[in-house]
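**Q** Show me the folded form of this:
(one chain, ligands or ions: 2)
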Amino acid sequence: MTRQIKIDEDLYIGGNEFIIIAGPCAVESEKQMDIIGREFYRLGIRIIRGGAFKPRTNPASFQGLGFEGLKILKSLRDSYGFKILSEILDPRDVERAYEYIDIYQIGSRNMQNYALLKEVGKQDKPILLKRGMNATYDEWINASEYISQEGNHNIILCERGIRTFNSYTRNTLDLMSVPVMKYKTEYPVIVDPSHGTGRRNLILPAAKAALAIGANGVLIEVHPEPEKALSDGYQSLSLEEFKKLLEEINAMKSALKIN
Ligand code: PEP
Ligand code: MN
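**A** Residues are numbered from 1 along each chain as shown. Ligands and ions are numbered 1, 2, ... in the order given. Next up is the predicted model:
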């Protein structure tokens with residue numbers, strides 16, 4: 001049985017519902033988030049993603065707006081009731097970010113940052129634990145145990161692709177981890193086709209495959225102007241493309257009799 005992770009009074013990850021979490025790679029401005037917020041509200045999206053602290057490979061790249069970014073996310077929560085998923089990089093920021101974040105994201109690069117895992121393990125909010133880009137299933141499970149041993153069992157696993165010899169896609173999306181992690185753990189598993197493929201035109205087929213293989217949801221990068229995005233624009237859907245994805249996923253959900 002998959003553990004149901006409570007996100008809101010009537011919203012759980014790990015139940016019968018296939019949850020779509022979406023938003024930009026990074027929070028860039030109030031205007032950007034306002035456009036997304038208005039549209040997502042209309043579309044019925046309930047959990048918004050947005051990075052305020054960005055773990056960039058190159059230190060010269062945009063590092064995120066930090067707490068200013070979290071404040072923008074909080075204003076969307078206040079206006080529309082969205083739940084906020086955002087990544088934390090530094091154990092020292094965990095408590096300070098508590099009031100802004102509803103689900104703490106631990107990114108791929110930090111899956112084995114044990115100080116950070118222990119710190120979020122002390123919080124009473126859900127944790128989305130991304131798979132390390134080089135992590136085996138057992139290493140991923142061990143990482144989850146660093147969180148749960150501190151008392152927090154509200155863990156959502158997120159497959160985001162691993163490094164392989166294949167260079168066509170940014171990562172190789174290992175969808176088999178979905179059933180494997182469901183056999184081996186009690187946690188829900190969601191799939192991130194954006195980082196998993198790194199290519200805008202592969203996100204829909206990857207999301208459909210995630211639904212078919214039994215994932216509890218998907219995490220998708222969306223930007224009002226992907227070509228101008230400060231990070232990950234090439235793998236971000238425009239709002240139009242995102243709407244189309246929702247239509248296709250909804251059609252598939254009806255065919256599969258999934259909520
Ligand atoms: C992200 O979600 O924007 C991100 C940095 O993802 P990952 O940790 O999977 O690379
Ligand atoms: Mn990203």
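**Q** Where does this structure get nearest to ligand 1, which residue?
**A** G107 (3.0 Å; Cβ to the nearest ligand atom). C-betas here are computed from N, CA, C, even on glycine.
**Q** these two touch, right, that residue and L89?
**A** Yes. At 7.4 Å, G107 counts as touching L89 under the criterion of Cβ atoms under 8 Å.
**Q** Find residues that contact each of the two.
**A** Shared contacts of G107 and L89 (Cβ atoms under 8 Å, 6 or more residues apart in numbering): P55.
**Q** sorry, back to before: give me phi/psi at the residue of the chain closest to ligand 1?
**A** phi -80, psi 170 (degrees, to the nearest 10).
**Q** go on, the one 4 residues further on?
**A** With angles defined as degrees, to the nearest 10, M111 sits at phi -60, psi -30.
**Q** which non-adjacent residue is nearest it?
**A** For M111, ignoring the flanking residues on the chain, the nearest one in space by Cβ to Cβ, 6 or more residues apart in numbering is G132 at 3.6 Å.
**Q** Report how many residues lie close to that neighbour.
**A** 21 (other Cβ atoms under 10 Å).
**Q** for the one 5 residues further on, same thing?
**A** Here the count is done by other Cβ under 10 Å, and Y137 has 17 residues near it.
**Q** who touches it in this structure?
**A** By Cβ under 8 Å, 6+ apart, the residues touching Y137 are S177, V180, M181, K184.
**Q** show me what contacts the residue lying closest to S238 once chain neighbours are set aside?
**A** Closest residue in space to S238, ignoring its immediate chain neighbours: P226 at 5.6 Å, by Cβ to Cβ, 6+ apart. If you count contacts by Cβ under 8 Å, 6+ apart, P226 has them with R200, G233, Y234, S236, L237, S238.
**Q** how much space between the most centrally placed residue in the chain and C158?
**A** By Cα atoms, centre = their mean, the chain has its centre lying nearest to L219, at 4.4 Å. Applying Cβ to Cβ, to the nearest Å, the value for L219 to C158 is 6 Å.
**Q** which SSE is the nearest residue to L239 once chain neighbours are set aside in?
**A** Leaving aside its chain neighbours, L239 sits nearest to E39 (5.3 Å; criterion: Cβ to Cβ, 6+ apart). Assigned by DSSP states H and E, E39 belongs to helix 30-43.
**Q** my guess is K125 contacts E99, does it?
**A** No. Counting by Cβ under 8 Å, K125 does not reach E99; the two are 10.5 Å apart.
**Q** Of those two, give the one with the bigger neighbour count.
**A** In terms of neighbours (other Cβ under 10 Å), K125 is the more surrounded of K125 and E99; the figures are 15 against 9.
**Q** Ramachandran coordinates for the more buried one?
**A** Dihedral pair for K125: phi -110, psi 150, per degrees, to the nearest 10.
**Q** With pLDDT and secondary structure added, can I get the contacts of Y137 in JSON lines?
**A** Converted to JSON lines, those look like this (pLDDT from 0 to 100; DSSP: H, G, I helix; E, B strand; the rest coil):
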{"residue": "S177", "pLDDT": "98", "secondary structure": "helix"}
{"residue": "V180", "pLDDT": "98", "secondary structure": "helix"}
{"residue": "M181", "pLDDT": "98", "secondary structure": "helix"}
{"residue": "K184", "pLDDT": "98", "secondary structure": "helix"}
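**Q** Now, of these, which are buried?
**A** Among the contacts of Y137, those classed as buried by neighbour count (16 or more other Cβ atoms under 10 Å) are S177, V180, M181.
**Q** Return the closest of the residues you listed with respect to I7.
**A** Taking Cβ to Cβ as the measure, I7 sits nearest to M181 out of the buried ones among the contacts of Y137, at 19.3 Å.
**Q** In contact with the closest one, which residues?
**A** M181 neighbours (Cβ under 8 Å, 6+ apart): Y137, W140, I141, L157, E159, Y187, V189.
**Q** cool, and I220?
**A** I220 touches I20, I21, A22, D192, P193, S194, I203, A207, L237, F242, L245, counting by Cβ under 8 Å, 6+ apart.
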